[in-house]
Structure formats: C-alpha cells, structure tokens
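Engineer: Kindly return the folded structure for what I paste below:
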Amino acid sequence: MISRDDVIYGFRFYLNRDPENEAAIRHFIDRCPNFQSLRSALMNLPGHRAICRWHRYPGGRYEVPAFMVEDGCARIRYRREESSLLHPVSQLCTAGQFRTAVYEFWLNARNGPARLHRKEWEWNYILQALHCHAMLEPGKRGLGFAVGREPLVAAMAARGCRIMASDAPLALAERGSWVRTGQHATALQALNAEGICPGEDFAARASFRSVDMNDIPADLRDFDFLWSSCAMEHLGSLEHGVRFVEESMKCLRPGGVSVHTTEFNLSSNTATIETSEAAIYRKSDIEGLYLRLVEKGYEVAPLNFSVGEQTEDFHVDLPPYFETIPAGAAGPIHLKLLWQDRDLSAVLTSIGLIVRRPY
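Structural biologist: Numbers count the residues shown, from 1 in each chain. Below you'll find the predicted structure:
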C-alpha cells in the first residue's frame with residue numbers, strides 16, 4: 001500500500017506540484033495499490049501530458065536567453081569559451097565535457113556508468129577540480145557534505161585520502177524524500193558498495209558522522225578539501241545555501257579547496273524556484289555568491305556560463321526524466337531538464353563552483 005508521502009512525492013516528480021488537498025491524497029491512496037499504479041495514474045493526468053507537450057515549444061530546443069551571455073559585474077572574472085573539464089573553473093554541465101579522456105578516466109576510477117546524465121558530470125567534475133588542485137593525494141584530509149550514496153568517498157579513499165563523510169541527521173533527512181528514495185546515508189558500508197576501494201583501506205581511511213549543513217559543528221576544522229554535490233539547494237532557501245558555502249570555508253586549512261555543485265536556472269535571471277525543499281540558483285545568485293566569497297578574502301574560480309555547443313546541449317529532458325531517447329540519439333540525455341509548476345516553467349542544469357582559502 002502506498003503512503004501519503006508516496007503520493008506527495010509522485011505529484012512533485014510527475015506533475016511538478018503538490019496535491020490540491022488531503023482529499024486528493026486520499027483519492028490516490030485508496031485507488032493505487034502500489035507505486036507503479038500511482039505512477040501510471042499521474043502520468044495519465046492532463047497536467048503531465050501538458051508538460052510532455054512542451055517538447056513542441058520552439059523547435060524542441062533550449063534557446064539561450066540574453067542574460068546568459070552578458071557579464072553581470074566588472075568585479076567578476078568570466079570565461080567565455082566552451083567549458084573544459086581538463087582545466088575546470090566554475091562552470092555548467094555541457095556535453096563536450098563527457099567526450100574527453102579526463103572524463104573517461106574519472107568514470108573508470110569510480111566504476112560509473114557511461115551515460116549523458118548531469119549527476120555523472122557532477123561527480124567527475126568534483127574529482128577533476130580537486131585533482132587539479134593536488135588534493136587527491138595520499139594523506140590529504142577531505143570532508144564530504146550530504147554524501148548520500150555517492151561513489152566519491154570510495155574513489156577518494158582509493159587514492160589515499162582520509163575522508164570524513166557526512167549526511168544529514170536522520171530526522172532531517174526523513175522530512176524530505178532522501179531516505180525513501182535511497183539518497184541518504186547513515187553508515188560507511190553503503191559508500192563502498194561497488195568495491196571501488198579495497199575494504200581494509202576504506203575502513204582505515206574513511207569515517208562517517210551526521211552533520212546538519214545549516215549548523216556545521218565547530219570541531220570540523222583543518223581539512224585540505226571539502227565538497228558537496230547537489231545539496232546546497234535543499235537547505236531551506238537560497239540564502240541558507242549561500243551561508244553554507246561561506247561557513248564551510250571555515251572547515252578548511254589555509255590553501256584548502258572546496259568544490260560544490262548545485263542546480264541552476266537557465267531560463268530566468270529574476271523568477272526562480274524557492275521552497276523549503278528546493279531553491280534553484282540563478283546566474284545573479286551565483287554572481288552574488290562569488291562577490292560575497294571574494295569580499296571575505298576567498299579565491300573563486302572564474303565563472304563560465306557557456307551552455308554548450310553540441311546537439312545534446314539543447315535537448316531538454318521531460319518528466320519522468322531519463323526514460324526517453326531523443327531522435328538521433330544513442331540513449332537518454334539528461335543534461336538539461338524541464339521543471340514546471342502552477343507559477344513557473346524553467347529549464348535547469350547543474351553548475352559547479354570552486355573556491356580556495358588562501359594561505
């Protein structure tokens with residue numbers, strides 16, 4: 001039998017909105033014996049069909065708005081060329097980065113699947129950014145926030161790093177969908193499930209503790225590097241995520257590096273999504289975060305807002321996501337996706353940010 005939380009999660013995933021009221025929730029609980037039947041019922045609703053008709057919107061392609069190619073502030077360092085994974089800066093997920101030897105290297109290092117999915121890019125981007133700053137070396141101390149079931153902890157431990165992995169306290173995680181959808185960790189065992197790091201080495205080099213990202217413990221200090229992957233947008237508001245990035249810098253020793261990825265609004269520099277469960281950053285928000293960090297004395301890698309130049313960069317994935325193959329493609333593509341509710345439609349992708357604490 002499905003639960004109330006299942007119905008709410010299904011509405012948000014397939015319709016990009018909450019149920020109208022408790023009566024609507026009860027309607028689906030009474031009529032759907034399992035999640036598969038709930039999924040079928042929601043996908044047959046007009047709201048889902050309206051989302052799926054979006055692919056007929058101007059040519060079925062993402063069209064780059066003017067604000068994405070404009071420099072927002074003279075105090076910010078921008079890059080305008082196609083993004084490179086070989087020498088990453090603060091940049092967006094683009095198809096060209098998948099077709100490089102360095103991407104293939106990190107994919108193999110963590111036993112990842114070869115698919116055009118922005119989550120795979122986020123993990124390889126984090127690894128390469130840290131590698132470029134000489135952080136993935138024996139003896140380096142790393143701190144991971146909201147690690148969930150990420151393969152990064154094991155990949156870093158396999159390279160000799162000593163890693164403190166953390167995730168939200170269980171009570172906080174259960175308020176969202178993280179526990180139900182298998183995206184939350186409470187112990188080390190799940191972080192080396194693929195055997196990326198030899199068992200004895202992993203046990204010696206990795207540890208775990210619960211950490212609230214809105215209240216980082218004062219004893220988490222003197223790390224060489226830290227990271228978070230698609231976590232800062234789930235802290236309650238845009239400002240909560242920004243404060244987390246600022247506060248987490250205190251966990252680093254001088255010369256330490258932080259790398260964060262988060263979801264990015266490609267459609268608007270004004271309207272965006274900001275709820276207690278998801279706050280999606282705009283170009284103006286990332287620029288504001290850059291300036292706040294610089295004002296505090298931190299070094300931020302240049303911002304590159306190139307959306308990519310390949311065919312896959314203009315495809316927009318639709319709910320239920322990563323299940324359909326675009327015409328001419330070899331498989332599903334999930335670099336950009338459509339998010340839609342009663343008030344806003346937006347195309348989203350992932351962005352990475354690199355910040356260094358100076359000596």
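
Engineer: so where does Asp144 fall, helix or strand?
Structural biologist: For the record, residue 144 is Gly, not Asp. Assigned by DSSP states H and E, Gly144 belongs to strand 141-145.

Engineer: what comes into contact with whatever helix or strand comes next after that strand?
Structural biologist: Sequence order places helix 152-158 as the next helix or strand after strand 141-145, per DSSP H and E. Here helix 152-158 makes contact (Cβ atoms under 8 Å, 6 or more residues apart in numbering) with 106, 109-110, 123, 126-127, 130, 136, 142, 144, 147, 163, 165, 191-192, 194, 196-198, 201-202, 205-206, 227, 229. To be clear about C-beta, it is placed using only N, CA and C from the backbone, and glycine gets the same treatment.

Engineer: Apply 6 Å and report the result again.
Structural biologist: 109-110, 123, 142, 144, 147, 163, 165, 191-192, 196-197, 202, 205-206 (Cβ atoms under 6 Å, 6 or more residues apart in numbering).

Engineer: Please identify which two of those are farthest apart in space.
Structural biologist: Trp123 and Arg205 (18.6 Å; Cβ to Cβ).

Engineer: Which strand or helix spans Asn108?
Structural biologist: Here Asn108 is assigned to helix 101-109, by DSSP H and E.

Engineer: Name the residues of that helix that are buried.
Structural biologist: By neighbour count on 16 or more other Cβ atoms under 10 Å, the buried set for helix 101-109 is Val102, Tyr103, Trp106, Leu107, Ala109.

Engineer: other SSEs contacting it?
Structural biologist: Packing contacts for helix 101-109, counted by 3 or more Cβ pairs under 6 Å, 6 or more residues apart in numbering; DSSP states H and E, involve helix 118-132.

Engineer: helices and strands around the helix it packs on, which ones?
Structural biologist: helix 101-109, strand 223-229, strand 252-265, strand 345-356.

Engineer: hmm, who's touching stretch 74-93?
Structural biologist: 71, 94, 96-97, 100, 102-103, 118, 121, 128-129, 287, 290, 301-304, 306, 309, 335, 349-354.

Engineer: Strands along the stretch 201-350 of the chain, start to end?
Structural biologist: Secondary structure of the stretch 201-350 of the chain (DSSP state E, counting those that start in this stretch): strands at 206-210, 223-229, 252-265, 299-300, 303-304, 333-334, 337-340, 345-356.

Engineer: and those, which one is worst for confidence?
Structural biologist: Looking at these, the lowest mean pLDDT belongs to strand 337-340 (a mean of 88).

Engineer: got the CA coordinates for that one in CSV?
Structural biologist: Below are the C-alpha coordinates for strand 337-340, written out as CSV (Å, rounded to 0.1, in the frame of the first residue of the first chain):
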residue,chain,number,x,y,z
LEU,A,337,15.5,19.3,-17.7
LEU,A,338,12.2,21.0,-17.5
TRP,A,339,10.8,22.0,-14.1
GLN,A,340,7.2,23.3,-14.1
